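Novice: no sequence on hand, only this structure:
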């Protein structure tokens with residue numbers, strides 16, 4: 001078009017702007033004509049038809065694009081014209097304090113909002129106390145049923161209550177207004193979110209413990225829970241989840257109950273405290289130099305345990321260490337009743353700290369050890385069956401020392417069968433800058449303790465109860481026969497005995513009457529040629545008493561006048577301790593008729609008289 005070519009120039013823009021503007025508006029037609037002449041004219045048989053088709057196709061694409069953009073950005077709702085906001089008071093709060101907030105709404109559109117409903121989405125730890133207004137609030141479903149909102153209508157609702165949530169985490173609160181535009185059936189929703197971050201908790205906790213601890217030791221601790229709020233707190237739980245190598249000893253609570261590492265308090269009044277005291281016992285690996293322990297109290301709100309502020313404590317771990325070895329003198333493996341032996345302890349400081357005031361604490365097996373005869377070259381004291389032995393005032397890292405103890409075995413050990421003795425001493429020491437005491441326990445090699453065998457041999461005319469055993473005159477008379485009873489008893493200790501044998505010899509002037517009795521096993525035997533009395537027993541059980549009893553008679557002659565003639569000679573006992581695989585031999589000596597253990601018979605007289 002010549003008009004466009006002539007007038008779409010800068011000269012006409014200044015002199016004839018109306019013609020320039022007209023040329024500008026016609027320029028698309030001019031461009032289409034130029035495009036047709038260059039690309040279609042004289043190149044296609046149906047150039048004009050093809051050009052018209054392409055133009056229609058281009059215009060269709062532009063139309064579809066414009067329509068798509070329109071529908072993309074078109075919003076049939078009026079949510080942008082509905083105002084909804086949340087305002088809270090106070091601005092900075094703690095878990096357990098009041099959180100009151102107001103929700104304001106306004107219809108800034110030109111249509112009426114029908115059946116509006118204001119929904120509240122409260123945290124799980126929110127305790128709702130009151131709403132204003134109350135009459136249109138559904139507490140179970142947490143929403144306000146509002147009246148229709150004409151254009152420009154506005155209002156505010158108030159929510160009053162307390163919040164219990166985990167401090168320093170985001171707590172989501174939101175309100176949503178659902179409604180229908182007047183004349184429409186589709187429901188629309190306007191949502192406004194609100195994020196609250198609690199800056200702490202009214203339930204405050206504190207832990208008192210030394211900041212330097214021993215890797216193996218016990219440390220006193222005190223845990224306090226304090227309610228700084230203005231109302232009581234119910235259903236408090238404090239799980240004491242401890243790292244491996246730590247356990248709690250002797251924990252006692254001033255309020256509530258402590259079981260299975262859980263402290264439970266049913267109610268803690270406002271501005272009151274509860275305290276849990278005890279000991280933390282440490283048994284940590286040598287690779288641990290710092291230790292972090294965390295405790296998080298919980299409050300039960302709306303049937304949900306809500307963690308409160310976590311208390312974190314960092315501890316420095318020291319690693320004192322003592323190694324101790326022991327050996328019995330001469331490397332003995334067994335001891336018999338009544339014997340004693342020395343045991344030597346080699347003690348070395350192989351830790352990283354100087355140890356002071358080293359002591360050995362030794363529980364004494366009083367059924368085996370004679371506590372009154374226990375001795376040491378070091379200072380030793382005994383209290384409540386526990387021996388305390390001072391080892392050394394100071395032992396630096398790498399240094400070692402030795403301790404000697406003399407262990408006496410009781411004459412009559414007790415407490416079971418086939419006894420073994422193993423000492424379990426504890427080494428205690430203090431470490432600089434640490435309040436608690438370092439301790440380590442070890443055990444010595446076991447040694448076997450042999451059985452005891454107590455024996456008694458006596459001649460009697462009367463029993464201890466006063467029953468008469470003997471016959472004939474007492475005191476005995478020359479030419480008259482007097483009969484006595486010999487009583488031999490053996491009480492075994494803690495291990496069974498085998499191959500027991502007792503022998504005794506009758507003097508020529510003493511007569512074997514043939515009357516005898518035994519408490520166990522075979523009867524006695526008497527050899528008239530050797531005048532020897534014998535008794536054997538294959539097995540004597542542990543903690544068992546056996547006895548043999550037999551009658552003998554004496555007819556004194558004048559040469560025995562005013563004497564106490566012997567009644568039994570060379571009483572000898574042999575037996576085998578099966579536990580120690582050791583023979584036991586005892587010589588019980590001789591017995592005369594002096595009736596030393598027979599108080600009744602001794603009073604009547606025992607020396608020979610001539611009547």
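Specialist: Arrived safely. Note that the coordinates shown come from a computational prediction; the quantities given were computed from them, not determined experimentally.
Novice: ok, residue 93 - how many residues close by?
Specialist: Neighbours of residue 93 under the rule other CB atoms under 10 Å: 20. All C-beta atoms are positioned from the backbone trio N, CA, C, and that covers glycine.
Novice: kindly provide the distance from the closest residue to it other than its chain neighbours to residue 157.
Specialist: Leaving out its chain neighbours, the residue that sits closest to residue 93 by CB to CB, 6 or more residues apart in numbering is residue 99, at 5.7 Å. Residue 99 is 15 Å from residue 157, where distance means CB to CB, to the nearest Å.
Novice: how about residue 599?
Specialist: Distance, residue 599 to residue 157, by CB to CB: 107 Å.
Novice: who's more crowded, the two?
Specialist: Neighbours per residue (other CB under 10 Å) separate residue 599 from residue 157, with residue 157 holding more: 19 against 11.
Novice: how much space between residue 148 and residue 180?
Specialist: From residue 148 across to residue 180, the span is 10 Å (CB to CB).
Novice: over to residue 278?
Specialist: 64 Å.
Novice: do residue 588 as well
Specialist: Distance from residue 588 to residue 180, counting by CB to CB: 118 Å.
Novice: so which residue is dead centre in the protein?
Specialist: residue 247 (4.2 Å; CA atoms, centre = their mean).
Novice: ok, and the closest non-adjacent residue to it?
Specialist: Nearest residue to residue 247 in three dimensions, chain neighbours excluded: residue 281, at 5.2 Å (CB to CB, 6+ apart).
Novice: which residues are in contact with residue 214?
Specialist: By CB atoms under 8 Å, 6 or more residues apart in numbering, residue 214 lies in contact with 282, 317, 318, 319, 320, 431, 434, 436, 438.
Novice: between residue 148 and residue 180, which contacts overlap?
Specialist: Jointly contacting residue 148 and residue 180 under the rule CB under 8 Å, 6+ apart are 113, 114, 115.
Novice: are any of these buried, and if so which?
Specialist: Among those, those classed as buried by 16 or more other CB atoms under 10 Å are 113, 114.
Novice: which member of the shared contacts of residue 148 and residue 180 is positioned nearest residue 301?
Specialist: Residue 301 lies nearest to residue 115 out of the shared contacts of residue 148 and residue 180, by CB to CB, at 33.3 Å.
Novice: mind checking which helix or strand the closest one is in?
Specialist: Under the criterion of DSSP states H and E, residue 115 resides in strand 113-121.
Novice: packing partners of that strand?
Specialist: strand 100-107, strand 143-145, strand 170-181 (3 or more CB pairs under 8 Å, 6 or more residues apart in numbering; DSSP states H and E).
Novice: try 6 Å
Specialist: For strand 113-121, the packing partners by 3 or more CB pairs under 6 Å, 6 or more residues apart in numbering; DSSP states H and E come out as strand 143-145, strand 170-181.
Novice: how about those strands in CSV, adding mean neighbour count?
Specialist: Shown next, in CSV, are the helices and strands packed on strand 113-121 (neighbours: other CB atoms under 10 Å):
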stretch, mean neighbour count
strand 143-145, 18
strand 170-181, 18
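Novice: need those in TSV (columns: mean pLDDT and distance to residue 312).
Specialist: Below are these laid out as TSV (pLDDT from 0 to 100; distance: least, CB to CB, whole Å):
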stretch	mean pLDDT	distance to residue 312
strand 143-145	95	41
strand 170-181	93	21
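Novice: reformat the ones you listed as JSON lines; add distance to residue 463.
Specialist: Shown next, in JSON lines, are the helices and strands packed on strand 113-121 (distance: least, CB to CB, whole Å):
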{"stretch": "strand 143-145", "distance to residue 463": "102"}
{"stretch": "strand 170-181", "distance to residue 463": "93"}
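Novice: and residue 328, what does it touch?
Specialist: Shown in contact with residue 328 (CB atoms under 6 Å, 6 or more residues apart in numbering): 341, 343.
Novice: check which helix or strand residue 603 maps to.
Specialist: Using DSSP H and E, residue 603 sits within helix 599-604.
Novice: can you map out the strands along the stretch 451-600 of the chain?
Specialist: Listed in chain order, the strands of the stretch 451-600 of the chain (DSSP state E, counting those that start in this stretch) span 453-460, 482-492, 497-505, 510-518, 525-527, 532-540, 545-554, 566-577, 582-592.
Novice: what are the pairing partners of the first one, and which direction each?
Specialist: The one in question is strand 453-460. Strand 453-460 pairs in its sheet with strand 482-492 (antiparallel), by DSSP bridges.
Novice: so which bits of the strand it pairs with are buried?
Specialist: Buried residues in strand 482-492 (16+ other CB under 10 Å): 482, 483, 484, 485, 486, 487, 488, 490, 491, 492.
Novice: gap between that strand and the chain center?
Specialist: Chain-centre distance of strand 482-492: 60 Å, with CA atoms, centre = their mean, to the nearest Å.
Novice: domains of the protein?
Specialist: The record assigns the chain these domain ranges, following automatic domain parsing: 2-73, 79-197, 205-316, 322-449, 453-604.
Novice: does residue 367 really touch residue 415, like I thought?
Specialist: Yes - Residue 367 lies in contact with residue 415 (CB atoms under 6 Å); the separation is 3.7 Å.
Novice: the more surrounded of these two?
Specialist: Neighbour count, other CB under 10 Å: between residue 367 and residue 415, residue 367 has more, with 15 against 12.
Novice: where does that one sit: helix, strand or coil?
Specialist: With DSSP: H, G, I helix; E, B strand; the rest coil as the basis, residue 367 sits in coil.
Novice: quick one, what contacts residue 113?
Specialist: For residue 113, the contacting residues are 107, 149, 179, by CB under 6 Å, 6+ apart.
Novice: now residue 180
Specialist: Contacts of residue 180 were listed using CB under 6 Å, 6+ apart, and they are 114, 115, 187.
Novice: then residue 176?
Specialist: By CB under 6 Å, 6+ apart, the residues touching residue 176 are 119, 189, 191.
Novice: measure it to residue 142 for me?
Specialist: 11 Å.
Novice: please apply the same query to residue 457.
Specialist: In terms of CB to CB, residue 457 sits 98 Å off from residue 142.
Novice: again with residue 116
Specialist: Distance of residue 116 to residue 142, computed by CB to CB: 16 Å.
Novice: which one of the two has more residues nearby?
Specialist: residue 116 (23 against 16).
Novice: can you give me the pLDDT of that one?
Specialist: The per-residue pLDDT reported for residue 116 equals 95.
Novice: likewise for the one 4 residues further on?
Specialist: With respect to pLDDT, residue 120 scores 94.
Novice: what's the answer for residue 47, then?
Specialist: Note for residue 47: predicted pLDDT of 62.
Novice: picking up where we left off before, can you redo the contacts of residue 180 as JSON lines with distance to residue 197?
Specialist: Listed next are the contacts of residue 180 as JSON lines, based on distance: CB to CB, whole Å:
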{"residue": "114", "distance to residue 197": "37"}
{"residue": "115", "distance to residue 197": "35"}
{"residue": "187", "distance to residue 197": "33"}
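Novice: can you count the residues close to the residue nearest to residue 247?
Specialist: Here the number of neighbours of residue 281 (other CB under 10 Å) works out to 17.
Novice: before we move on, which element is it in?
Specialist: Residue 281 belongs to strand 273-283 when assigned by DSSP H and E.
Novice: got the contact list for that strand?
Specialist: Contact with strand 273-283 is made by 213, 216-226, 245-255, 263, 265, 268, as judged by CB under 6 Å, 6+ apart.
Novice: mean confidence score for it?
Specialist: The pLDDT scores in strand 273-283 average 93.
Novice: just stretch 206-226 next, same as before
Specialist: When pLDDT is averaged over stretch 206-226, the result is 91.
Novice: give me the low-pLDDT residue ranges for this structure?
Specialist: The chain contains residues with pLDDT under 70 at 1-15, 18-19, 21, 23-51, 53-55, 57-58, 66-71, 73-76.
Novice: which stretches of it form helices?
Specialist: With helices called from DSSP state H, the chain shows them at 2-7, 10-15, 17-39, 47-73, 599-604.
Novice: residue 405 against residue 378, yeah?
Specialist: No - Residue 405 is beyond contact range of residue 378, at 8.7 Å (criterion: CB under 6 Å).
Novice: between these two, which is the more surrounded one?
Specialist: It is residue 405, of residue 405 and residue 378, that has more neighbours when counted by other CB under 10 Å, with 22 against 15.
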